[in-house]
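Peer 1: make a model of this:
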Amino acid sequence: MTVRELDAAGITEPVLRDAYARCRRLNARHGRTYFLATRLLPMERRPAVHALYGFARWADDIVDDLDQDIPVRRRAADLARLHEDLERGLRDGDSTEPVVLALADTARRYDIDHRHFSDFMASMRSDLEVTDYPTYDDLRAYMHGSAAVIGLQMLPILGTVVPREEAAPHAAALGVAFQLTNFLRDVGEDLDRGRVYLPADLLGAHGVDRELLTWSRSTGRRDPRITEALKAVEDLTRGVYREAAPGLAMLDPVARPCIRTAFVLYGGILDAVADDGHAVLHRRAVVPRRRRAAVAVDGLVRLLAARATTRERRAVRPGPSALPVQAPPAAPADPAVLERPATAGSSV
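Peer 2: Residues are numbered from 1 along each chain as shown. Next comes the predicted model:
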């Protein structure tokens with residue numbers, strides 16, 4: 001399927017194709033929920049999403065490598081080197097690092113604001129030094145760079161039926177909602193890395209601090225104060241999903257099934273956390289495979305319906321009241337692509 005995606009996107013240069021393929025492998029291996037949702041995008045847009053994810057994962061792995069023998073100064077140096085490669089790639093459109101090469105190409109094709117990448121790298125650097133967030137405002141400032149900008153990077157690829165700036169706050173909120181979901185699910189693993197991504201003031205309101213979390217993690221024992229605090233984090237996260245929800249209808253109709261699927265699957269992680277009694281300090285909450293498959297099938301049905309509707313609309317000349325889609329730029333023409341019929345792909 002990688003070859004067909006690259007052909008559909010008009011990516012023909014062998015080195016660049018290899019770079020995108022590497023990003024796709026990173027997405028498939030590390031981002032199961034995200035990768036599953038991406039399969040519901042039009043084929044020609046998937047490589048760009050893989051490039052965004054691949055780069056984010058590359059940087060995150062530098063910061064979060066569990067090998068405790070790697071000193072912080074070396075991680076900082078590796079991250080600084082990646083940032084230099086990124087800036088050079090965005091400026092020159094070239095890089096010896098495949099993941100950066102694919103990202104730079106995606107940024108050029110979709111005219112993605114380079115500030116989003118700089119903000120992302122700033123949050124990655126802070127992860128090397130900051131281990132606690134006193135307030136939700138402090139955490140939200142961090143998540144602007146680590147999550148909100150991911151939604152903003154995605155928006156030009158997805159396309160919108162409203163002015164992009166109208167959809168942007170909802171796209172940013174969705175990135176934050178996804179990351180808060182991960183923070184709640186992974187609180188135990190993050191604690192093992194020496195970090196607490198839950199606001200200290202919210203935890204403190206329920207009598208919880210880092211010491212109590214560490215005690216629970218190390219002993220395997222529960223405490224009702226922790227359960228109540230984690231319920232509060234769940235409520236907070238669901239509120240951010242509500243902020244993001246109106247943005248789904250603002251997307252290009254053929255992109256909506258992908259994002260709606262991610263929306264439902266990540267929300268399902270919250271449900272799994274709650275169903276497991278908020279025991280995230282002791283085990284990882286997982287969305288059942290059957291549930292994931294059902295959501296994927298629903299997304300595929302919605303995708304096929306959206307494509308059929310789009311074809312019908314294109315068959316009718318739009319009147320002056322028609323609302324145009326701010327779709328991504330067309331890929332460079334490739335005669336080989338024009339000979340292939342578009343097909344929907346969905347893999348669970």
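
Peer 1: switch to C-alpha atoms for all contacts and neighbour counts from now on
Peer 2: Noted.

Peer 1: surely V149 and H116 touch.
Peer 2: Yes: here V149 reaches H116: they are 5.4 Å apart, a contact under Cα atoms under 8 Å.

Peer 1: got the buried residues for stretch 231-246?
Peer 2: For stretch 231-246, a neighbour-count test (16 or more other Cα atoms under 10 Å) marks K231, A232, V233, E234, L236, T237, R238, V240, Y241, E243, A244, A245 as buried.

Peer 1: try stretch 143-158
Peer 2: Buried residues in stretch 143-158, counted by 16+ other Cα under 10 Å: 143-158.

Peer 1: do stretch 94-107 as well
Peer 2: D94, S95, P98, V99, V100, L101, A102, L103, A104, D105, T106, A107.

Peer 1: where in this protein is pLDDT low?
Peer 2: 1, 31-34, 65-68, 291-348 (pLDDT under 70).

Peer 1: which parts of it belong to which domain?
Peer 2: Here the domain parsing of the chain from the TED database is 1-129, 140-193+231-313.

Peer 1: okay if I get the ones you listed as a markdown table plus distance to G207?
Peer 2: Converted to a markdown table, these look like this (distance: least, Cα to Cα, whole Å):
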| stretch | distance to G207 |
| --- | --- |
| domain 1-129 | 26 |
| domain 140-193+231-313 | 12 |
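
Peer 1: nearest to R222, of these?
Peer 2: domain 140-193+231-313 (7.9 Å; Cα to Cα).

Peer 1: could I get the full set of helices for the stretch 51-200 of the chain?
Peer 2: 72-92, 98-110, 114-126, 136-143, 149-158, 164-185, 187-192, 200-204 (DSSP state H, counting those that start in this stretch).

Peer 1: how about those helices in JSON lines, adding distance to R17?
Peer 2: Listed next are these as JSON lines, based on distance: least, Cα to Cα, whole Å:
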{"stretch": "helix 72-92", "distance to R17": "16"}
{"stretch": "helix 98-110", "distance to R17": "8"}
{"stretch": "helix 114-126", "distance to R17": "22"}
{"stretch": "helix 136-143", "distance to R17": "31"}
{"stretch": "helix 149-158", "distance to R17": "18"}
{"stretch": "helix 164-185", "distance to R17": "27"}
{"stretch": "helix 187-192", "distance to R17": "34"}
{"stretch": "helix 200-204", "distance to R17": "45"}
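
Peer 1: so for R217, which of these sits nearest?
Peer 2: R217 lies closest, by Cα to Cα, to one member of these: helix 187-192, at 6.6 Å.

Peer 1: now find how far off-centre the closest one is within its chain.
Peer 2: Per Cα atoms, centre = their mean, to the nearest Å, the displacement of helix 187-192 from the mean C-alpha position of its chain is 20 Å.

Peer 1: in what helix or strand does T12 lie?
Peer 2: Using DSSP states H and E, T12 sits in no helix or strand.

Peer 1: for it, give its distance to P47.
Peer 2: Counting by Cα to Cα, to the nearest Å, the separation of T12 from P47 is 12 Å.

Peer 1: overlap in contacts of the two?
Peer 2: L6 (Cα atoms under 8 Å, 6 or more residues apart in numbering).
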